[in-house]
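Trainee: Next come a sequence and a model predicted from it.
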Amino acid sequence: MAHWLDKLLDITAIARDQNSLKSALSDLGERFEFTGYAYIVLRFGRTFAISNYHPDWQDHYFKSDLKSMDPVIKQAKKVRRAFSWSGEADRKSMSKGELAFFADAADFNIRSGVTIPITLPNRGTAVLTFASIKPQLEVDHEIDAIAAASTVAQLHSRIETLQATPSVEEPFYLSPKEVAFARWLELGKTVQDVADVEEVKYNTVRKAMEELRRRYDLCNNTQLVALAIRRGLI
């Protein structure tokens, strides 16, 4: 694993554009007999991936919001250090949702892997995973958590600098009603003000905003409005 990390670190130094970066990550995976890689950034209101996983899996993952049940993501957020994993291990302790997740992933040759999470500002998380078709990944020795985190942090910096285009991104949308409510909030109106102006019940606006915040894992209406503005929806 140390040699693999060394090569991953080299990529952060030699990649001059996003195409060479993505190509180098793919080549690294093949060299060490991985079936693919996925770099997922999870921030409030925006989640995206740079990956060479099968496009159908990436599309299914984001459209079906599988990140909320992804056991690897859950473990990454919990342990916050490099680890290896397998969809075949400890199946008795898995929920039905987790078993279904790994069954779907196995159809795309994702059965085990190595994952390295890092913490981003404002409670964000970035997770790099190299996946394998093997039921159980053989790791020659324990992964150096400090070296792994340092390497992925430098990879993240390179991706940010290059402004690499995501291969897939979590969709963000507002219904016409939600757009109308958000526009009034942007103008400084309270939830009660919005209800009065739109001639609807207070709970209609409140519940609509709550659903939006839940949908995109947002903390409050201020964050929701800011995100909608950045996405050009209001």
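Mentor: Nice, thanks for sending it over. Just so it is clear, the model here is predicted, and its values are computed rather than measured. Residues are numbered from 1 along each chain as shown.

Trainee: my read: residue 70 touches residue 104, true?
Mentor: No. Contact criterion Cβ atoms under 8 Å: residue 70 and residue 104 do not qualify, at 10.6 Å. Bear in mind the C-beta positions are built from the backbone N, C-alpha and C, glycine included.

Trainee: With neighbour numbers in mind, choose between those two.
Mentor: residue 70 (20 against 16; other Cβ atoms under 10 Å).

Trainee: residue contacts, that one?
Mentor: Neighbouring residues of residue 70 by Cβ atoms under 8 Å, 6 or more residues apart in numbering: 61, 101.

Trainee: Now the most centrally placed residue in the chain: which helix or strand?
Mentor: In the chain, the residue lying closest to the centroid (Cα atoms, centre = their mean) is residue 40, at 3.7 Å. When elements are defined using DSSP states H and E, residue 40 is found to belong to strand 36-43.

Trainee: Quick check: beta-bridge partners of the residue nearest to the centre of the chain?
Mentor: Under DSSP bridges, the beta-bridge partners of residue 40 are residue 49, residue 127.

Trainee: Run through the residues that contact it.
Mentor: For residue 40, the contacting residues are 47, 48, 49, 51, 67, 73, 126, 127, 129, by Cβ under 8 Å, 6+ apart.

Trainee: Can you add distance to residue 194, pLDDT and neighbour count and give the residues you listed back as TSV?
Mentor: What follows is the contacts of residue 40, written out as TSV (distance: Cβ to Cβ, whole Å; pLDDT from 0 to 100; neighbours: other Cβ atoms under 10 Å):
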residue	distance to residue 194	pLDDT	neighbour count
47	28	88	23
48	30	93	18
49	35	96	22
51	39	97	23
67	31	86	18
73	35	95	20
126	35	96	21
127	37	97	22
129	42	97	24
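
Trainee: Tell me which residues of stretch 185-195 come out buried.
Mentor: Residues of stretch 185-195 classed as buried: 185, 186, 189, 191, 194, 195 (neighbour count, 16 or more other Cβ atoms under 10 Å).

Trainee: how close does the fifth one sit to residue 188?
Mentor: The spacing between residue 194 and residue 188, counted by Cβ to Cβ, to the nearest Å, is 11 Å.

Trainee: Please apply the same query to residue 87.
Mentor: 49 Å.

Trainee: picking up where we left off before, list every C-alpha atom in the strand holding residue 40, with coordinates, as PDB.
Mentor: Below are the C-alpha coordinates for strand 36-43, written out as PDB (Å, rounded to 0.1, in the frame of the first residue of the first chain):
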ATOM      1  CA  GLY A  36     -12.000   1.800 -10.900                       C
ATOM      2  CA  TYR A  37     -11.800   4.900  -8.700                       C
ATOM      3  CA  ALA A  38     -14.300   7.400  -7.300                       C
ATOM      4  CA  TYR A  39     -13.500  10.700  -5.700                       C
ATOM      5  CA  ILE A  40     -16.600  12.000  -4.000                       C
ATOM      6  CA  VAL A  41     -17.000  15.500  -2.500                       C
ATOM      7  CA  LEU A  42     -19.800  15.900   0.000                       C
ATOM      8  CA  ARG A  43     -20.700  19.400   1.000                       C
END
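
Trainee: Going forward, count from 49.
Mentor: Shifting the count to begin at 49 puts that one at strand 84-91.

Trainee: Please state the offset of it from the chain centre?
Mentor: 5 Å (Cα atoms, centre = their mean, to the nearest Å).
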